[in-house]
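1. Kindly generate the corresponding structure for this input.
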Amino acid sequence: MAYHHYTESRAQALIEELRTADLVVGFNVQEFDYEVLRPYGLDSLQPTTLDMMQDLAQRLGFRPSLSSVATATLRIGKSADGLQAVRWYRQGQLAKVLDYCQRDVEVTRGVHEFGKAQRFVYYWDRQYQRQMVPVTW
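-> Now for the predicted structure:
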């Protein structure tokens, strides 16, 4: 699997790739990623999108984190959190930010592939119990 890194200077290339995608899969992509891209021309972009966080929130009645779903489902986690990525960016450590973002994509892809194949994923509830939720991805 090849991964592509898009920095701000390549935002238009990312939007073009999204425009031609059959399906864009993400976790909180509607409320975060698309909002970040809106100033770069996202308004004209209407991709078919599966936002797994929104789908899970509709099923569960609350918004689970990617970390909760990934660790419960795949037994793997994210490499850091978003605040750490912001710190790295401010410190000029772009390679660490890119690695963090790629790891998020890998984890997101793993959750999607598991859910698509098994028709369910797991998450940790508030009592730290592993729970299963059916999905139709």
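
2. After the helix or strand residue 67 falls within, which helix or strand is next?
-> The secondary structure element spanning residue 67 is helix 66-74 (assigned by DSSP states H and E). Later in the chain than helix 66-74, the nearest helix or strand by DSSP H and E is helix 82-90.

3. so how far is that following helix off the chain centroid?
-> For helix 82-90, the gap between its own C-alpha mean and the chain's C-alpha mean amounts to 17 Å (C-alpha atoms, centre = their mean, to the nearest Å).

4. CA atoms only for that helix - export them in PDB, please.
-> Output for helix 82-90, consisting of C-alpha atoms alone and laid out as PDB, is shown next (Å, rounded to 0.1, in the frame of the first residue of the first chain):
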ATOM      1  CA  GLY A  82      -3.600  15.800  17.900                       C
ATOM      2  CA  LEU A  83      -2.200  18.200  20.500                       C
ATOM      3  CA  GLN A  84       1.200  16.500  20.300                       C
ATOM      4  CA  ALA A  85       1.000  16.900  16.500                       C
ATOM      5  CA  VAL A  86       0.300  20.600  16.900                       C
ATOM      6  CA  ARG A  87       3.300  20.900  19.200                       C
ATOM      7  CA  TRP A  88       5.500  19.100  16.600                       C
ATOM      8  CA  TYR A  89       4.300  21.400  13.900                       C
ATOM      9  CA  ARG A  90       5.000  24.500  15.900                       C
END
